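**Q** One predicted model, sequence on top.
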Amino acid sequence: MKLLLASGSPRRKTLLEWAGYAVDVQPSNVDEFRNPALNPVEHARDLAIRKLASAPANRLALAADTVVHLDDLVLEKPVDREEAASHLRRLSGQWHQVTTGVAISGQPVFSVTTRVRFRDLRDAEIGGYVATGEADDKAGAYGIQGRAAVFVAEVRGSWTNVVGLPMETTIQFLEIAGLHR
């Protein structure tokens with residue numbers, strides 16, 4: 001049986017395939033607006049639920065959304081490279097949280113939060129990274145699995161969560177749902 005991934009994230013697809021799952025991709029077209037009444041963890045879970053609702057009911061599907069936040073301040077995908085640089089300056093030398101909400105057909109929604117600390121970043125490093133375009137489509141304006149790995153001083157929790165899907169927990173829920181590798 002193939003898992004339907006209700007996400008266009010190539011990183012999520014790769015993580016699932018590395019774990020041994022066959023995956024069909026059908027990105028959700030859900031508006032990712034943030035209800036201001038929700039904290040960042042609730043926001044990630046809410047987006048995952050809304051994305052899962054867009055998947056066909058007759059398929060075992062997984063939807064997820066990753067939120068990068070400094071306490072209650074959510075650092076969304078940057079709208080331009082100036083905002084990407086601003087996000088990275090905020091993260092420089094700081095601990096922040098990365099929360100992924102995950103919804104799987106027939107299972108309770110769950111979320112995983114990982115703490116990440118960036119070392120102090122120089123403006124030239126930030127500018128060079130932003131110029132690569134790697135920050136353009138990523139929450140918090142960085143990808144830990146790419147060039148920004150050199151910014152990370154410490155990770156407390158799931159590394160795959162920071163990439164976009166907490167595989168340690170996701171595998172458990174997929175097995176409960178009847179999908180085995």
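**A** The structure has been received and is ready for your questions.
**Q** And for the residue most central in space within the chain, nearest residue in space, chain neighbours not counted?
**A** In the chain, the centroid-proximal residue (C-alpha atoms, centre = their mean) is T66; its distance is 2.8 Å. With C-beta to C-beta, 6 or more residues apart in numbering as the criterion, T66 has its nearest non-adjacent residue at 4.5 Å, and that residue is T100. C-betas here are computed from N, CA, C, even on glycine.
**Q** and the gap between that neighbour and L16?
**A** Applying C-beta to C-beta, to the nearest Å, one obtains 13 Å for the distance of T100 from L16.
**Q** Looking at the two, which one has more neighbours?
**A** Per other C-beta atoms under 10 Å, whichever of T100 and L16 has more neighbours is T100, with 30 against 23.
**Q** burial count for V23?
**A** 16.
**Q** typo on my end, L174
**A** Tallying neighbours of L174 according to other C-beta under 10 Å, which is how burial is gauged here, yields 23.
**Q** same deal with V130?
**A** Residues within reach of V130, counting by other C-beta under 10 Å, total 23.
**Q** Please work out which residues outside the helix or strand hosting it touch it.
**A** With secondary structure defined by DSSP states H and E, V130 is part of helix 123-131. Residues from elsewhere that reach helix 123-131 (C-beta atoms under 8 Å, 6 or more residues apart in numbering): 81, 84-85, 88-89, 92, 135, 141-142, 147-148, 151.
**Q** Give me the buried subset of those residues.
**A** Buried positions within these, assessed by neighbour count (16 or more other C-beta atoms under 10 Å), are 84-85, 88, 92, 135, 141-142, 148, 151.
**Q** Would you indicate which residues of the helix holding V130 are buried?
**A** For helix 123-131, burial by neighbour count (16+ other C-beta under 10 Å) applies to 125-126, 129-130.
**Q** ok, S7 touching P27?
**A** Yes: using C-beta atoms under 8 Å, S7 and P27 qualify as a contacting pair, with a distance of 6.1 Å.
**Q** Mind checking which of the two has more residues around it?
**A** Neighbour comparison, S7 and P27: the larger count goes to S7, with 26 against 13 (by other C-beta under 10 Å).
**Q** quick revisit: quick one: name whatever helix or strand follows the helix holding V130.
**A** Remark: after helix 123-131, the chain's next helix or strand is strand 152-156, criterion DSSP H and E.
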